[in-house]
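K.L.:
here is my input; please provide its structure:
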Amino acid sequence: MAVQQEILPIQTRRSGLVEITAEVARVVARSRQSRGVVTVFCRHTSCSLVIMENADPSARRDLEAWLDRLVPEDDPHFTHTTEGADDMPAHIKMALTRSSETVPFAEGRMLLGTWQGIFLWEHRDAAHVREVVVTVLT
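P.N.:
Model prediction:
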């Protein structure tokens, strides 16, 4: 089994989805492997990963708005508030979504569907540099 691994820094601007499909595809291409799986893992507890539609931005906005309604800031029941009103909601949003994704690839290309993209989902209000571990397995 061949393994290649890279850690990608991902800059976020604020809360929201940041498409990282191209960055992950470049890691797969650099592996020079024809088929296998690529895993993407987020090394943080206040952002997550999701495979989502990448064609129409309104689908992403609707998803973000829905999760914001589900887990609002300033919930009086939260006790973990030292790092700000968005911190505990960010942890909950991460727990409700995913910290990793796995995508098969063939002929050196990920086998995502036509409208699928890989997104890092920043759940904090401020900009961050996040680390994503990309592992290519063949």
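K.L.:
what about the residue nearest to residue 116 when sequence neighbours are not counted, which helix or strand?
P.N.:
In this structure, residue 116 finds its nearest non-sequential neighbour in residue 51, 5.3 Å apart by C-beta to C-beta, 6 or more residues apart in numbering. C-beta: built from backbone N, CA, C; applies to glycine. Here residue 51 sits within strand 47-53, counting by DSSP states H and E.
K.L.:
report the buried residues of that strand.
P.N.:
47, 48, 49, 51, 52, 53 (16 or more other C-beta atoms under 10 Å).
K.L.:
biggest separation within those residues, which pair?
P.N.:
Farthest-apart pair in the buried residues of strand 47-53 is 47 and 53; separation 19.2 Å (C-beta to C-beta).
K.L.:
may I ask you to name the longest helix in the chain?
P.N.:
helix 57-70 (DSSP state H).
K.L.:
contacts for that one, please.
P.N.:
Applying C-beta atoms under 8 Å, 6 or more residues apart in numbering, the contact partners of helix 57-70 are 15, 16, 17, 50, 52, 53, 93, 96, 97, 119, 121.
K.L.:
which of the residues you listed fall within strands?
P.N.:
The strands, defined by DSSP state E, take in 16, 17, 50, 52, 53, 119, 121 from the contacts of helix 57-70.
K.L.:
and of these, the nearest to residue 87?
P.N.:
residue 121 (15.4 Å).
K.L.:
dig out what that closest one forms beta bridges with.
P.N.:
Taking DSSP bridges as the rule, residue 121 bridges to residue 17, residue 48.
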